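Participant: Give me a 3D structure for the following:
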Amino acid sequence: MTPPVSKKILDIFPPKPPAVSRKKEPLIIPRGKKNKKISALIAVIVLILITAGVLCQFVFARVEIIIWPETEVLNLEEKVTADSKISQLNVSEKVIPGENIEEEKELWQEFPSSGKIQKEAKAKGQIQVYNAYSTSPQILIVNTRFISDAGKLFRSVKKETIPGGKYEKGKLVPGTLDIQVVAAEAGEDYNIGPSTFSLPGLTGTERYYSVYGKSFSQMTDGFKGEVLQVTQGDLQIAKSILIDNLKKESKNSLLAKISEDFVLLDEAISQEVLEATGTAETGAEVNSFVYRVKIKSKGLIFRKEDLDNLAEELIGLKITETQKIQPETLKVNFVLGSINMNLGQIILNLEISVKIYSDIDAVSTEKLILGKSIKETQILLENQPKVTRVEIKPWPFWLKNIPGDIEKTGINLSFD
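Facilitator: The predicted structure is shown next:
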């Protein structure tokens, strides 16, 4: 008997279908379709490039031509007059306008005295003399001596008469008189204060105690020593210093009055001293003095622009119609010839230098080269007279010919 067959769980429960994966499968395009899309993209790119090339070639094409013309230096020497009596430039007469300016200035300064001298002076002053002796006048001769209570001797300056006294209520009232006296010797020692004086000439007489003097103020001017004195050299030095300083100051003042457009030559300035005085004369015994100077300055000026304009006009008379100048190379120098301030004229020796070149007619040249190859154009332009160098800059770079449109070709001159 056949044993029974045992069953597996798998046999009892049928297997479940496998779970569906959520991972996306790559999109598979058939090979034929993929090649078609790449080809189309390439075709579009090629079309864009061709279109851009066409636009560059025919629409945006540009050519810049730089030409270096041959130059030469033109030098001229001319005599030019700046005249204050005219107001406009005159090319035929070679005259430019001038202009007068003027002003007055003054300057003062204190200077020390340099002279030294030994000086002696006697003190002097006033005393009141009393006559208490009698009613009769007392006569004092010239140089009557008076001795102060300090022993300083003074003398009367002139003959004096001291009036006699008067009795009032039985009492003698002295007669008095103010007189001028001078010290017997020089020196500051005699500059004494108020004092009582006796008359030594009356010594031994009854009048000695009745005739006397008194001073009520100090004696002055007594001196012995060195003093400063103004010398002629002091005055000359002061004058010279002030004139020099004032001339410089006045010149700077004139320059400050004009703009940078004007030229003021040192030789075109005239200066006149109107006043030159001092507060002391030669020999004055002062420690210092003040000196004062007044000056009138005149200047004759002209415009640099007028000189440049005249130079350009004179150059224009020397070149042909086909020649041009390089304005930036223009150099105008001048050397003073002569000046007449009374006539208001300056003669200048003018030295002019400028680079000139033969002009190139851009319009005619552009018409000549339109449509020609760049290489042919290069040769054609380099063979033109008075041309030293040519550079052609096409855009785009592969451009072979000059555009047929004159608006697309630019011709520039260079002098580098």
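
Participant: Name whatever forms a beta bridge with Trp103.
Facilitator: Actually, residue 103 is Glu rather than Trp. Glu103 has these beta-bridge partners by DSSP bridges: Ser297.

Participant: now swap in the one 5 residues further on and tell me
Facilitator: Beta-bridge pairing of Trp108 under DSSP bridges involves Arg292.

Participant: Quick check, pLDDT for it.
Facilitator: Note on Trp108: pLDDT of 96.

Participant: swap in the one 10 residues further on?
Facilitator: The predicted local confidence for Gln118 comes out at a pLDDT of 91.

Participant: and it, what does it touch?
Facilitator: Shown in contact with Gln118 (Cβ atoms under 8 Å, 6 or more residues apart in numbering): 225-226. From N, CA and C alone the C-beta is placed, and that goes for glycine too.

Participant: which of the residues in the helix or strand harbouring it are buried?
Facilitator: Using DSSP states H and E, Gln118 falls within strand 115-131. By 16 or more other Cβ atoms under 10 Å, the buried positions in strand 115-131 come out as 115, 121-125, 127, 129-131.

Participant: Would you convert the residues you listed into JSON lines that also reports distance to Gly278?
Facilitator: Formatted as JSON lines, these follow (distance: Cβ to Cβ, whole Å):
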{"residue": "Gly115", "distance to Gly278": "14"}
{"residue": "Ala121", "distance to Gly278": "25"}
{"residue": "Lys122", "distance to Gly278": "30"}
{"residue": "Ala123", "distance to Gly278": "31"}
{"residue": "Lys124", "distance to Gly278": "30"}
{"residue": "Gly125", "distance to Gly278": "33"}
{"residue": "Ile127", "distance to Gly278": "39"}
{"residue": "Val129", "distance to Gly278": "44"}
{"residue": "Tyr130", "distance to Gly278": "49"}
{"residue": "Asn131", "distance to Gly278": "51"}
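
Participant: which one of those sits closest to Ala256?
Facilitator: Of all these, Ala256 sits closest to Gly115, with 39.6 Å by Cβ to Cβ.

Participant: Quick check: bridge partners of the closest one?
Facilitator: In this entry, Gly115 is beta-bridged to Gln229, by DSSP bridges.

Participant: I'd assumed Gln229 was in contact with it.
Facilitator: Yes - using Cβ atoms under 8 Å, Gly115 is in contact with Gln229, at 3.6 Å.

Participant: How far away from the center of its chain is the helix or strand just after the strand holding Gln118?
Facilitator: Sequence-wise, the next helix or strand beyond strand 115-131 is strand 138-140, with elements assigned using DSSP H and E. Here the centre of strand 138-140 is set off from its chain's centre by 79 Å, with Cα atoms, centre = their mean, to the nearest Å.

Participant: What strands flank strand 138-140, and is each parallel or antiparallel?
Facilitator: Using DSSP bridges, strand 138-140 pairs in its sheet with strand 160-162 (antiparallel).

Participant: List the buried residues in the partner strand.
Facilitator: Buried residues in strand 160-162, counted by 16+ other Cβ under 10 Å: 160, 162.

Participant: now it, how far from the chain's geometric center?
Facilitator: 75 Å.

Participant: which residues touch it?
Facilitator: By Cβ under 8 Å, 6+ apart, the list of residues contacting strand 160-162 from outside reads 129-131, 137-140, 144, 175-177, 179, 211.

Participant: and with 10 Å instead?
Facilitator: Here strand 160-162 makes contact (Cβ atoms under 10 Å, 6 or more residues apart in numbering) with 128-131, 133, 136-142, 144, 174-181, 211, 213.

Participant: does the most centrally placed residue in the chain count as helix, strand or coil?
Facilitator: For the chain, Ala256 is the residue whose C-alpha lies nearest the centre (Cα atoms, centre = their mean; 7.1 Å). Assigned with DSSP: H, G, I helix; E, B strand; the rest coil, Ala256 falls in the helix class.

Participant: on that earlier part again, who touches both of Gly115 and Gln229?
Facilitator: When contacts are counted by Cβ under 10 Å, 6+ apart, Gly115 and Gln229 are jointly contacted by 282-285.

Participant: And this structure, split by domain according to the record?
Facilitator: 30-60, 101-114+229-299, 119-225 (automatic domain parsing).

Participant: so Gln128 bridges to which residues?
Facilitator: Note on Gln128: beta-bridge partners by DSSP bridges are Asp178, Lys214.

Participant: No further queries at this time; thank you.
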